[in-house]
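In: Need a 3D model of the sequence below.
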Amino acid sequence: MTFLSTFGRFAGVSLEKGISLADLFELRRQRKTLASLTDRELRDIGLTPDDVTQEITRSVFDVPCHWRSQARR
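Out: Here you go, the predicted structure:
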């Protein structure tokens, strides 16, 4: 059993099979980049600062739904 699955059970969350540690690091990188965007850049992509706050405060184990569906393929 991997550390992440053990920790996930302890924390009350689970990762679907196929989501790797590299995927989690990529998600972290994307959220940090999102947090660094200016208000103007956020408007350009149709997001508000509140949207960003909501996204960057999500758990690292809270991966996008489309990652789960791709992992099953």
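In: Output the contacting helices and strands for the helix or strand hosting Gln54.
Out: Gln54 is part of helix 49-56, with elements assigned from DSSP states H and E. With contacts defined as 3 or more C-beta pairs under 8 Å, 6 or more residues apart in numbering; DSSP states H and E, the packing partners of helix 49-56 are helix 21-35, helix 39-44. To be clear about C-beta, it is placed using only N, CA and C from the backbone, and glycine gets the same treatment.
In: quick one: it to helix 21-35, angle?
Out: Between the direction of helix 49-56 and that of helix 21-35, the angle (axes from the mean of the first three to the mean of the last three C-alpha atoms, to 10 degrees) works out to 160 degrees.
In: Ile45 and Asp62: what is the separation?
Out: 21 Å (C-beta to C-beta, to the nearest Å).
In: Over to Glu55?
Out: Using C-beta to C-beta, we find Glu55 at a distance of 10 Å from Asp62.
In: Which residue of the two possesses the greater neighbour count?
Out: Glu55 (15 against 11; other C-beta atoms under 10 Å).
In: do you know how far that one is from Leu24?
Out: Using C-beta to C-beta, which is the criterion applied here, Glu55 is 15 Å from Leu24.
In: and what of Asp51?
Out: Separation of Asp51 from Leu24 (C-beta to C-beta): 21 Å.
In: Please apply the same query to Pro49.
Out: Separation of Pro49 from Leu24 (C-beta to C-beta): 25 Å.
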